[in-house]
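Q: Here is my input; please provide its structure:
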Amino acid sequence: MTRQNVEPNVTSGTKRRAAGLAAAIIAVALSIAPALAQNAIDPDADSVLRAMTDQLKALNALNVEYDTDHEIVQTDGQKLQFSASGEIAMSRRAGFHFTRHGPYADTEVSFDGKVISLYGKKLNVYAQIDSPGPSIDEAVGEFRVATGLDSAGADFLAADPYAVLTDGVVSGSVVGTAYVGGVLCDHLAFRNNDVDWQLWISKGDQNLPLKYVITTKWVTGSPQYTLRFRNWSTGDVDTKMFSFKPPADAKKLDAVHADAVGDLVLEAQQ
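A: Got it, this is the predicted structure:
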């Protein structure tokens with residue numbers, strides 16, 4: 001039996017009014033969602049977070065180095081941390097270039113406004129993915145779908161990082177102040193339904209993120225992901241690095257995915 005067989009007989013005018021009411025309800029829900037997230041955050045924490053995200057939004061280009069710690073909980077309960085380092089260069093009008101040096105990968109990811117290119121240096125292999133659009137957000141979204149990975153610090157590179165960071169937040173507060181890499185920071189803490197996350201933002205003229213910790217609450221052992229930024233540069237970047245030209249002897253691969261420790265895996269299909 002199809003839905004049409006059991007749908008009540010209603011006039012076209014009634015259908016139009018019902019559709020209009022549904023659209024109005026959706027519009028109201030969308031309009032109040034950001035307000036609900038904002039109200040869940042303590043005003044002092046919200047002020048610090050907004051100052052940081054407003055500064056990031058205003059940057060046309062940036063270059064920053066990073067370190068990550070990806071925690072894995074083994075079946076016997078032992079926790080292991082896998083560390084990686086890299087560098088991010090981004091221009092909102094031209095694209096981006098990421099490097100990652102991890103325990104099993106030495107990779108580069110570049111985006112020239114059209115194509116996302118991934119290159120594995122150790123094996124001299126590469127893969128390419130068409131982006132659905134020219135924006136950083138679209139490219140990062142496609143990268144996530146294709147690989148199962150987040151680019152390091154992708155939340156902070158979004159066109160609207162405040163909206164991305166506060167999506168689903170149920171509480172947020174200022175913990176206090178602390179030093180990260182010798183720099184005095186505001187320490188903020190937030191909660192979502194699935195994760196807790198903390199953010200350390202430098203105080204002073206440049207309100208920039210220096211440390212970001214995500215705790216997965218409902219996984220056994222509550223593993224954490226830690227991201228540290230250092231050596232921020234907010235001037236121009238060399239956009240030539242966004243265009244990838246594979247070495248003549250490099251092999252093009254068919255599949256890209258992530259492994260358990262957050263490294264890219266590039267492999268040819270058999």
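Q: Break down the stretch 151-270 of the chain into its strands, ranges please.
A: 171-180, 183-191, 195-202, 209-216, 224-233, 251-252, 255-258, 264-267 (DSSP state E, counting those that start in this stretch).
Q: With respect to residue 89, which of those strands lies nearest?
A: Minimum separation from residue 89 across the strands of the stretch 151-270 of the chain (Cβ to Cβ) falls at strand 224-233, 9.0 Å. Heads up, the C-betas are built off the backbone N, CA and C, glycines and all.
Q: Dump the closest one to PDB, keeping only the CA atoms.
A: C-alpha atoms of strand 224-233 as PDB (Å, rounded to 0.1, in the frame of the first residue of the first chain):
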ATOM      1  CA  GLN A 224      41.300  12.700  23.600                       C
ATOM      2  CA  TYR A 225      42.500  14.500  20.600                       C
ATOM      3  CA  THR A 226      44.900  17.400  21.200                       C
ATOM      4  CA  LEU A 227      45.900  20.100  18.700                       C
ATOM      5  CA  ARG A 228      48.600  22.700  19.500                       C
ATOM      6  CA  PHE A 229      49.300  25.700  17.300                       C
ATOM      7  CA  ARG A 230      52.600  27.600  17.200                       C
ATOM      8  CA  ASN A 231      54.400  30.300  15.100                       C
ATOM      9  CA  TRP A 232      51.300  32.000  13.800                       C
ATOM     10  CA  SER A 233      51.900  34.200  10.800                       C
END
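Q: contact partners of that strand?
A: With contact meaning Cβ atoms under 8 Å, 6 or more residues apart in numbering, strand 224-233 is reached by 62-71, 152-153, 180-181, 206, 208-216, 262.
Q: same check, this time on stretch 191-202
A: 48-49, 51-52, 165, 168-172, 175, 178, 180, 183-190, 207-218.
Q: I'd say residue 208 and residue 58 touch.
A: No: contact criterion Cβ atoms under 8 Å: residue 208 and residue 58 do not qualify, at 11.8 Å.
Q: If anything else comes up later, I'll come back, but that's it for now.
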